[in-house]
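[1] sequence unknown, structure follows:
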C-alpha cells in the first residue's frame, strides 16, 4: 500500500525445445510480465517453432467454435484448460457438429416456413368452410388466379397501382401486416414479381389439397399438428446437440485461445539458433518460485539473470487491501502510477470518503447506504459498487454523529462536533481546512515523485513542487499570523522568493539552448499568474463541500415542510409517512449521485492533477485465462 510491489527484471536463456513447456508453466503461474526482446542475430521467421500453419488453424478453429456457440446460444463463460495434443480430433469433431447443426437448422427453417404457410391456409379455409364447393375449383378459376399473401398495411394503397386488376379480401390483421386473399387477372403477366416488389409475401394454393372446403380445412389442421410435432422433434434434437457439446465447446475454445496467447507471447522472445531468450519483470518475492518452475521444466538447461527493476517502463503491481480495490479501479480512469512513485489509491479512497461524509452526513441515510451496499455485495456483478456504497454509508453515518443528524432530524441527540446549519462559518472553515490538507498532501507527493524521476532544478522551481509548496503553505501561514497581528503585513513580501523560483521554472526545464529567451520569459510570467490564481481557485473550490452539506440539510427542511402541509388533511399520518419515505429516497439517489461526482471532481482536478501523471504500465503477467491479473492476497 502507497508503494507498488518491488519488481525484478529477468532474462531467461533456454533451449527452444523447452520453450513450449516453460511458456505454458509461466502462464499457468501468472508470474512474468513479458517485454519484447531484441537479440542480435535473431531469426525473422518463428513459424517453425510450433508448425507454420498452426496459428492459422488455431484462428480458424476459434472462429468455427464461436460461430457454433453463437448459433446454439451458448454463453462465453470460462471452461477448462486441456492439453492441446488432440487438436486434429477437435477440428474433426467441430466440423461434424457444425454440419449436424446446419442440417437441423435448415430443416427447422423449412418446417417453420411450411408452418407459416399452412397457418395462413388454415385461416383462409376457416373463413370459407361454410361455402359449398370443392377446393380444386379455387385453383382452376377461368378468369382469375387466387393467392394468399401477407401485405404491409402501409403499402396496401399502392398495390392497385403496381398490379392492375388486383382484388384484396382481408382475412386477419397482425401488427402492421395484413393476411389477405388476393385475386389477379389470369392473363396478367408475372404478377408475383410485382407483388414481391411491393413487399408482399405470396403463398400459392397447394396442388395436393382438394375436396370440399370443410374436408380441406380438417386435413390442414391435421397437417399443422404433424408439422408442430416435427418442429418439436427438431428442437429437441438441437437441444440435445447443445447439451452434448456445450462443455466440450467451452473447454476447447478456452484451451485454443490460451494457445494463441502463448504463440503471440512467443513473438516477443529473442531467438538465436537453438536457444531462446525470455525477458520481462517478476515480483522480487516470487524469484524463488520462478527458479523452482524452471528447475521443474528444464533443470540444468537454462540461465536465469535478474536485476533490480528501474525506469518508467517497469510494470506496477498493486497490492492494496480488498476494501480499496474499487478505488484502485477508479484510479485507472486517470492511468497507472509510474514505477517508483507513490501509489495514491489510499489517498483517493480516504479523500473521497471524507468528502462524501461531510457533504452527506446523516446517521439514518448512512445506515441505509450501508445496508444497500451489503446487499449489493451478494451479487458478483455489483460487488465493487456495493463495497463503495457500503463504505460511503459508514462515513456518512460517522459524520451524521458528528453533525447530530438522523434522517434530517437534529433534535434527537446532541452533535458530537457541531450542527452545520447552526454554525455555517464553522462548516466553511472545516471544508477549507480539509481542502488545504489534501492540496498540501498532493504537493508533497509531487515533490517526492519528482525527486525520483525528474531533474532536481525542475522539481525545485515547479509551481507544484518545492517552490509551489513554499508559496502555498507560506501564504496560508503568514496570512494567519498577519491576521493575528503577530507579524506585520510587510511579512507577506517574502513570498516573492518562491514566485521568482516559479518564474525561472521554464529555464530549468528547457531542453534546448536555442529556445528564445522571450518565450521563456513569457512562460515564466504565465507560470506565476497560474500559481497565484490556481492555488486560490483550488482552495476556494472546497467551499462547495460546505455548500452541498447545507443543501443536504435544506432538502430535509423541504421534506419536513411538505410533511407539515399534508399532516392536516385526511389520512394525515399516512401521507406524512409517504412524504418522508419518498423524500429520503430522492435525497439518497439524487444528492448521493451529485455528491459522489463532486467528490471525484475535487480529488481528480484539485489534488491529483498536481502530482499524478498516470503514464505507468500495469503489471499484466502472461496468463492462460483472458484478461486476468494475479491478485496477491498473501500479504493481506
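    Done, it's in. Everything numeric here is computed off the predicted structure, so don't read it as measured data. Numbering: from 1, shown residues only.

[2] what sits against the closest residue to residue 223 other than its chain neighbours?
    Distances taken as Cβ to Cβ, 6 or more residues apart in numbering place residue 118 nearest to residue 223, at 5.7 Å, with adjacent residues excluded. Bear in mind the C-beta positions are built from the backbone N, C-alpha and C, glycine included. For residue 118, the contacting residues are 220, 223-224, 227, by Cβ atoms under 8 Å, 6 or more residues apart in numbering.

[3] Same check on residue 233?
    Neighbours of residue 233 in contact, by Cβ under 8 Å, 6+ apart: none.

[4] for it, phi and psi?
    When quoted as degrees, to the nearest 10, the phi and psi of residue 233 stand at phi -60, psi -40.

[5] From residue 239, how far off is it?
    In this structure, residue 233 and residue 239 are 11 Å apart, going by Cβ to Cβ, to the nearest Å.

[6] before we move on, what about residue 558?
    For residue 558 relative to residue 239 (Cβ to Cβ), the value is 57 Å.

[7] before we move on, what about residue 71?
    Relative to residue 239, and taking Cβ to Cβ, residue 71 is found at 13 Å.

[8] got it, and residue 345?
    In this view, residue 345 and residue 239 are 48 Å apart by Cβ to Cβ.

[9] now residue 570
    Taking Cβ to Cβ as the measure, residue 570 and residue 239 are separated by 59 Å.

[10] and those two? which has more neighbours close in?
    Legend: neighbour count by other Cβ atoms under 10 Å for residue 570 and residue 239, higher for residue 239 (11 against 7).

[11] which SSE is that one in?
    In the assignment (DSSP states H and E), residue 239 maps to helix 213-266.

[12] And the next helix or strand past that helix?
    strand 270-272.

[13] Within the sheet, what are the partner strands of that next one, with directions?
    strand 275-283 (antiparallel) (DSSP bridges).

[14] could you check the angle helix 213-266 makes with the strand it pairs with?
    100 degrees (axes from the mean of the first three to the mean of the last three Cα atoms, to 10 degrees).

[15] Can we start the residue count at 573 from this point?
    Understood, numbering begins at 573; the last thing we discussed is strand 847-855.

[16] buried sites along stretch 1166-1182?
    For stretch 1166-1182, a neighbour-count test (16 or more other Cβ atoms under 10 Å) marks 1167-1168, 1170-1172, 1174-1176, 1178-1182 as buried.

[17] Then stretch 739-754?
    Across stretch 739-754, burial judged by 16+ other Cβ under 10 Å covers 740, 743, 749-754.

[18] Which members of these are the farthest-apart pair?
    Spatial extent of those (Cβ to Cβ) is set by the pair 749 and 753 at 14.6 Å.

[19] just checking, next helix/strand downstream of the worst-scoring helix or strand of the chain on mean pLDDT?
    Ranked by mean pLDDT, DSSP states H and E, the helix or strand of the chain with the weakest confidence is helix 728-734, at a mean of 67. Where DSSP H and E defines the elements, the next helix or strand beyond helix 728-734 is strand 739-746.

[20] what helices or strands is that following strand leaning on?
    Packing partners of strand 739-746 (3 or more Cβ pairs under 8 Å, 6 or more residues apart in numbering; DSSP states H and E): helix 659-700, strand 716-724, strand 749-757.

[21] could you check the angle helix 659-700 makes with that strand?
    With the same axes, to 10 degrees defining the directions, strand 739-746 sits at 120 degrees from helix 659-700.

[22] Name the nearest residue to residue 600, sequence neighbours excluded.
    Counting by Cβ to Cβ, 6+ apart, residue 1196 is the residue found nearest to residue 600 once chain neighbours are left out, at 6.0 Å.

[23] how about the one you found, secondary structure?
    When classified by DSSP: H, G, I helix; E, B strand; the rest coil, residue 1196 comes out as coil.

[24] if I pick it, what's in contact with it?
    596, 599-600, 653, 830, 833-834.

[25] and those, which are buried?
    Using 16+ other Cβ under 10 Å as the burial test, the contacts of residue 1196 include 596, 599, 653, 830, 833-834 as buried.

[26] what number of residues lie near residue 648?
    Residue 648 has 12 neighbours, counted by other Cβ under 10 Å.

[27] can you pull the contacts of the spatially most central residue of the chain?
    Centroid-nearest residue in the chain: residue 901, 10.3 Å away (criterion: Cα atoms, centre = their mean). Counting by Cβ under 8 Å, 6+ apart, residue 901 touches residue 956.

[28] tell me which element it falls in.
    helix 897-903.

[29] In the sheet, which residues pair with the closest residue to residue 609 other than its chain neighbours? Tell me.
    Nearest residue to residue 609, sequence neighbours excluded (Cβ to Cβ, 6+ apart): residue 842, at 3.5 Å. Beta-bridge partners for residue 842, by DSSP bridges, are residue 849.

[30] Which pLDDT value goes with residue 842?
    In this model, residue 842 is scored at 87, pLDDT.

[31] What are the buried residues along the strand or helix carrying residue 1078?
    Counting by DSSP H and E, the element that carries residue 1078 is helix 1077-1081. By 16+ other Cβ under 10 Å, the buried positions in helix 1077-1081 come out as 1077-1078, 1080-1081.

[32] just stretch 1022-1040 next, same as before
    Going by neighbour count (16+ other Cβ under 10 Å), the buried part of stretch 1022-1040 is 1022, 1031-1040.

[33] and which of those residues is nearest residue 968?
    Distance to residue 968 across those (Cβ to Cβ) is lowest for residue 1036, with 31.6 Å.

[34] That closest one and residue 681, how far apart?
    Look at residue 1036 and residue 681: by Cβ to Cβ, they are 67 Å apart.

[35] Equivalent analysis for residue 789, please.
    26 Å.

[36] Residue 1141 should be in a helix, yeah?
    No. According to three-state DSSP, residue 1141 belongs to no helix; its state is coil.

[37] hang on, it packs against residue 1150?
    No. Look at residue 1141 against residue 1150 with Cβ atoms under 8 Å: they stay out of range, at 11.8 Å.

[38] which stretch of helix or strand covers residue 582?
    Using DSSP H and E, residue 582 falls within strand 579-587.

[39] Mean pLDDT and distance to residue 890 for the helices and strands packed on strand 739-746 - can I get that in JSON lines?
    Listed next are the helices and strands packed on strand 739-746 as JSON lines, based on pLDDT from 0 to 100; distance: least, Cβ to Cβ, whole Å:
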{"stretch": "helix 659-700", "mean pLDDT": "88", "distance to residue 890": "37"}
{"stretch": "strand 716-724", "mean pLDDT": "78", "distance to residue 890": "59"}
{"stretch": "strand 749-757", "mean pLDDT": "79", "distance to residue 890": "58"}
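
[40] Nearest to residue 1066 among those would be which one?
    helix 659-700 (76.2 Å).

[41] okay, the angle between that closest one and strand 716-724?
    Relative orientation of helix 659-700 versus strand 716-724 (the same axes, to 10 degrees): 120 degrees.

[42] Partner strands of the strand holding residue 582, with direction?
    Strand pairing for strand 579-587, determined by DSSP bridges: strand 847-855 (antiparallel), strand 874-880 (antiparallel).

[43] Flag every buried residue along the shortest one.
    In this case it means strand 874-880. Applying 16+ other Cβ under 10 Å to strand 874-880 flags 874, 876, 878 as buried.

[44] now stretch 815-829
    In stretch 815-829, counting by 16+ other Cβ under 10 Å, buried: 817-818, 820-829.

[45] Quick one: mean pLDDT over stretch 965-972.
    96.

[46] Stretch 942-960 now?
    93.

[47] Please tabulate the helices and strands packed on strand 739-746 in CSV, including the columns distance to residue 736.
    Listed next are these as CSV, based on distance: least, Cβ to Cβ, whole Å:
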stretch, distance to residue 736
helix 659-700, 24
strand 716-724, 13
strand 749-757, 7
